[in-house]
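Student: No sequence on hand, only this structure:
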């Protein structure tokens, strides 16, 4: 195996596809969005990407078979738009690996003729959220304007420290290859898997890509999470004699 | 030295051999099994594998000579079955090294015509165990069925987090090369070197490979460990005024 | 992308330029100096250096666009002297990366014909400072003498442990290429971004390179920092009932 | 710069030289021995070895000049025996680097025709020592016997965990190249720079290599250290009301 190995599983012809990336990250926001898209639309696994920079690990499937850790690309259609979806259970395990894997991801995108990339993620606020804003960053001023028109917020110096990992590098390395890219980040507490934040990101994505999906299963997941949060708050209220729970929720997923 | 160096010590002709791997890991289960096989059967050292991804270290032999850290392959026969055994005192020291070493191990296996791999290990339960189940994962559904027939348990989402290190990659990378592989994991507390768990794994291995070995020395080792555990429990009972010792045993080997 | 990628943004002809490096470090002294020079003088961005040894990250500009982390070279003139300035927001993230990036920086310097390098930094004293000395190290005895003549102090065994990171390697690797180099280190508490230390370094640099800049904006920044320090001291005096604050200031920037 | 760069400083013809290595380690025992040899005998710097696996750092000389971190080889004569001495201020910073640097060291040794290597170090006992034994390990049984004849002790399973770093790999990688090598380890508390342990190692080395040096300066250093230890013990006795100081000395050098 080389540093990165790309398996061609299928090789459909796609019409000017966009790439939507949703790897694990803050609040699992990006991953929730792409999982929802894969549930809601017929799709075809087209590539598997293996790398010595991913964890040295196999996952166990329901039938007892083991699968080597990898990132996966799926092809599907949203409205009129052909789409490549990139997802997986892991990010690269080291800095150098982030660069090498993201370059491989952009190689796959180039194979399919992708000229626009949507990297999805969450931005942690540190407290529970009522109104889910979606923050953005993009490779060009024109793309920034287009995203502002559908409600994405661009705030100076946010997220502080920039965007780290695959999502950040899809913009940084994509731009160097002439690929237009944005990162859409749903605000999220950062403590919880956050289907509501995912829904906010998905709404923006619908507007800018031009499609509509049913939100029902995502809303159900949001309700389940709300029940969990309420229970925790109750328990903490009892334990703490009424103190608010916002500040010290542990990560729950 | 390259990233991985393979020394050919001997090059016997083997008849459709299987590979049995037992490197150090949880409860030293895998290593105990292969050590027992090497004690019970005549064997021949056939390969040494050196790597800059192993610790930069020599071990000291009884006669005062130093041996560079390596992994070793032995050839032996179990029943009618020719077998390669892979063991050693160390795993790779970094993620990338796990990939590179496991690929080298599979290269050696391919040299000898291995088409089936048994990776052995332990799965930690966090508490002392009465009935030693053996959990499994395998590269194909057929192999899963065959192993279920000899009592291996396949449980959804167990081990949680999948299988990490050489054992996991023997399945993951093996599968990509068309080699059938399983990981057999004896349940073990995770706190102790666990000869009883090793015995449970060995019993499964006997059934699926088709051989029988004497368990006496392994049982003696289990008795010794039991004495150790009993003493610790006594001491802790005295210290804690009767509290159970299960929860906070330290690792003893 | 290779380990290091150098983008040529502009390629002006420079007359016997010197290189002045100010990457982030103790007290941000080096970075403050080069930022001040870039504010005070017209300059031209000439190179961007990208590397998988920099953080896998993009920064967000004021207009919402994302920029891949990189180091940058600017060309400008100080007095009669053509100058290359090297700055950026990050150092390499690992030891090997420090070597590879610094070699790339020296490659860029060689492209422009640089024969003399000024690496700028701070040396932590652990306490607040009244008189800002500038310590030095250099690749040749002649350069040491020249710098002593403009007030740089060379003290045996200081800084203890030598000079680490890009600044150190510009001397170490520069010397191996026959490039004369010095590291000028302003004494600084180490707890604060220190514009006064930067001013001390800049005064030395003026003398040895032969130019003059206005210090006003740097002095304003120093005044702001002084206000911050005074407030902290007041608060700590109140809290501690009069104990000196020198020993346990936290890092503030 | 490549992973490892070897500078040829001088290239004297040596008669069947042996290599004596003394890089920093437990109690600085090995380094003290080779420093003593370099003080007591005329010598010539013959090689400098640079590497991206050494710290990214320069040291500052007394005259204010900076020197890139490196390992150094010196040529000298002890009795009738031509000797290469390997020393420096740093070991490799990572596992892979230990392998690559030690291979480079063995390349240099091969250039000069070295067929026998003495790696020197300390073995920590955890308590202050009256009688300084020298433990050994070697690549061949014959070398073990020869060293036993001059008082080196070979103890089963000591040092526990084997020998780590350059000293260990000089044996491990040396043996793979057909170079006879030993590691001589002076017992030392592990808390202190230990000239007495160095003297014990040096006495063995004298016997096996066949030379004699004056010990005076080493004995003076030992006396200085003893004064330090006595003062610490006094202070601790006063503080602890008479408790022994052996168990919790901090590292002093």
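Tutor: Alright, I've got the coordinates. Please read these numbers as outputs of a predicted model, since none were measured by experiment. Residues are numbered from 1 along each chain as shown, chains lettered A, B, ... in the order given.

Student: distance of residue A:64 from residue B:135?
Tutor: 9 Å (Cβ to Cβ, to the nearest Å). From N, CA and C alone the C-beta is placed, and that goes for glycine too.

Student: Can you work out which residues contact both of those two?
Tutor: Shared contacts of residue A:64 and residue B:135, defined by Cβ atoms under 8 Å, 6 or more residues apart in numbering or on different chains, are found at residue B:154.

Student: The closest residue in space to residue A:180 that isn't next to it in sequence: neighbour count?
Tutor: Excluding its sequence neighbours, the residue lying closest to residue A:180 (Cβ to Cβ, 6 or more residues apart in numbering or on different chains) is residue A:116, at 4.9 Å. When neighbours are counted by other Cβ atoms under 10 Å in any protein chain shown, residue A:116 registers 20.

Student: and stretch A:84-93, does that touch chain D?
Tutor: No. Judged by Cβ under 8 Å from any Cβ of the partner chain, stretch A:84-93 and chain D are separated, with a smallest distance of 15.7 Å.

Student: In terms of helices and strands, where is residue A:48?
Tutor: Taking DSSP states H and E as the definition, residue A:48 sits inside strand A:44-51.

Student: Tell me which residues touch residue A:109, please.
Tutor: Shown in contact with residue A:109 (Cβ under 8 Å, 6+ apart): A:19, A:84, A:117, A:179.

Student: distance of it from residue A:181?
Tutor: From residue A:109 across to residue A:181, the span is 10 Å (Cβ to Cβ).

Student: again with residue A:95
Tutor: 20 Å.

Student: Among these two, which residue is more densely surrounded?
Tutor: Between residue A:95 and residue A:181, residue A:181 has the larger neighbour count (other Cβ under 10 Å), namely 31 against 22.

Student: Now that that one has come up, it's in contact with residue A:174, right?
Tutor: Yes. Assessed by Cβ atoms under 8 Å, residue A:181 is found in contact with residue A:174 at 4.1 Å.

Student: Quickly list what's touching both of these two.
Tutor: Any residue near both residue A:181 and residue A:174 by Cβ under 8 Å, 6+ apart counts here, and that gives A:117, A:139.

Student: Would you state the strands of the stretch 1-150 of chain A in chain order?
Tutor: Residue ranges of the strands in the stretch 1-150 of chain A, as given by DSSP state E, counting those that start in this stretch, are A:4-8, A:18-21, A:44-51, A:57-60, A:66-68, A:71-78, A:81-88, A:116-124, A:134-138.

Student: In TSV: these, plus mean pLDDT.
Tutor: Formatted as TSV, the strands of the stretch 1-150 of chain A follow (pLDDT from 0 to 100):
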stretch	mean pLDDT
strand A:4-8	97
strand A:18-21	98
strand A:44-51	98
strand A:57-60	96
strand A:66-68	96
strand A:71-78	98
strand A:81-88	98
strand A:116-124	96
strand A:134-138	97
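
Student: between those strands, which gets nearest to residue C:191?
Tutor: Among the strands of the stretch 1-150 of chain A, strand A:116-124 comes nearest to residue C:191, with 27.5 Å by Cβ to Cβ.

Student: just checking, what packs against that closest one?
Tutor: If contacts are counted by 3 or more Cβ pairs under 8 Å, 6 or more residues apart in numbering or on different chains; DSSP states H and E, strand A:116-124 sits against strand A:18-21, helix A:29-40, helix A:166-176, strand A:180-188, helix A:195-205.

Student: Kindly reformat these as a markdown table containing distance to residue B:56.
Tutor: Shown next, in a markdown table, are those (distance: least, Cβ to Cβ, whole Å):
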| stretch | distance to residue B:56 |
| --- | --- |
| strand A:18-21 | 39 |
| helix A:29-40 | 39 |
| helix A:166-176 | 32 |
| strand A:180-188 | 41 |
| helix A:195-205 | 46 |
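
Student: May I see the buried residues of stretch A:35-52?
Tutor: In terms of neighbour count (16 or more other Cβ atoms under 10 Å in any protein chain shown), stretch A:35-52 has its buried residues at A:35-38, A:40, A:43, A:46-52.

Student: first vs last residue of that stretch, how far apart are they?
Tutor: End-to-end distance of stretch A:35-52 (Cα to Cα, to the nearest Å): 25 Å.

Student: farthest-separated two in the buried residues of stretch A:35-52?
Tutor: Between any two of the buried residues of stretch A:35-52, the greatest separation by Cβ to Cβ is 34.0 Å, found for A:40 and A:52.

Student: Now the stretch 1-150 of chain A against chain D: closest residue?
Tutor: Using Cβ to the nearest Cβ, the closest approach of the stretch 1-150 of chain A to chain D is made by residue A:94 at 12.5 Å.

Student: My guess is that residue contacts residue A:53. True?
Tutor: Yes. Residue A:94 is within contact range of residue A:53, at 6.1 Å (criterion: Cβ under 8 Å).

Student: Give me the common contacts of these two.
Tutor: Common neighbours of residue A:94 and residue A:53 (criterion: Cβ under 8 Å, 6+ apart): residue B:95.

Student: out of those two, which sits in the more crowded spot?
Tutor: The neighbour count for residue A:94 versus residue A:53, taken as other Cβ under 10 Å, is higher for residue A:53 (23 against 16).

Student: which bits of chain A sit near chain B?
Tutor: A:1, A:50, A:52-60, A:62-69, A:93-94.

Student: and the contacts of residue A:109 as JSON lines, adding neighbour count?
Tutor: Shown next, in JSON lines, are these (neighbours: other Cβ atoms under 10 Å in any protein chain shown):
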{"residue": "A:19", "neighbour count": "25"}
{"residue": "A:84", "neighbour count": "25"}
{"residue": "A:117", "neighbour count": "26"}
{"residue": "A:179", "neighbour count": "19"}
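
Student: Relative to chain C, which of those residues is nearest.
Tutor: Within those, the smallest distance to chain C is 11.5 Å, found for residue A:117 (Cβ to the nearest Cβ).

Student: Report the beta-bridge partner residues of the closest one.
Tutor: Beta-bridge partners recorded for residue A:117 (DSSP bridges): residue A:19, residue A:181.

Student: wait, it sits on residue A:22?
Tutor: No. Residue A:117 is not in contact with residue A:22 according to Cβ under 8 Å; the separation is 11.9 Å.

Student: just to revisit the earlier point, could you say which of the helices and strands packed on strand A:116-124 is packed most deeply?
Tutor: strand A:180-188 (a mean of 28; mean count of other Cβ atoms under 10 Å in any protein chain shown).

Student: Count the neighbours of residue A:157 for me.
Tutor: Neighbour count for residue A:157, taken as other Cβ under 10 Å: 11.

Student: what sits against it?
Tutor: Listed by Cβ under 8 Å, 6+ apart, the contact set of residue A:157 reads residue C:60.

Student: Is it in a helix, a strand, or coil?
Tutor: coil (DSSP: H, G, I helix; E, B strand; the rest coil).

Student: Tell me the spacing between it and residue A:137.
Tutor: Per Cβ to Cβ, residue A:157 is found 11 Å from residue A:137.

Student: Could you name every residue contacting both of those two?
Tutor: The contact lists of residue A:157 and residue A:137 share residue C:60, where a contact means Cβ under 8 Å, 6+ apart.

Student: List the contacts of the residue nearest to residue A:61 when sequence neighbours are not counted.
Tutor: Of all residues not flanking residue A:61 in the chain, residue A:67 sits nearest, at 6.0 Å (Cβ to Cβ, 6+ apart). For residue A:67, the contact set (Cβ under 8 Å, 6+ apart) comprises A:58-61, B:172.

Student: Kindly report the same for residue A:204.
Tutor: Counting by Cβ under 8 Å, 6+ apart, residue A:204 has contacts A:134, A:147, A:150-152, A:184.

Student: Select from the residues you listed the one having the most neighbours.
Tutor: Of all the contacts of residue A:204, residue A:184 has the most neighbours under the rule other Cβ under 10 Å, reaching 28 neighbours.

Student: Give me the helix or strand of chain A that scores worst on average pLDDT.
Tutor: Lowest by mean pLDDT, DSSP states H and E among the helices and strands of chain A is helix A:216-240, with a mean of 84.

Student: Enumerate the positions of that one that are buried.
Tutor: A:218, A:221-222, A:225, A:229, A:232, A:236.
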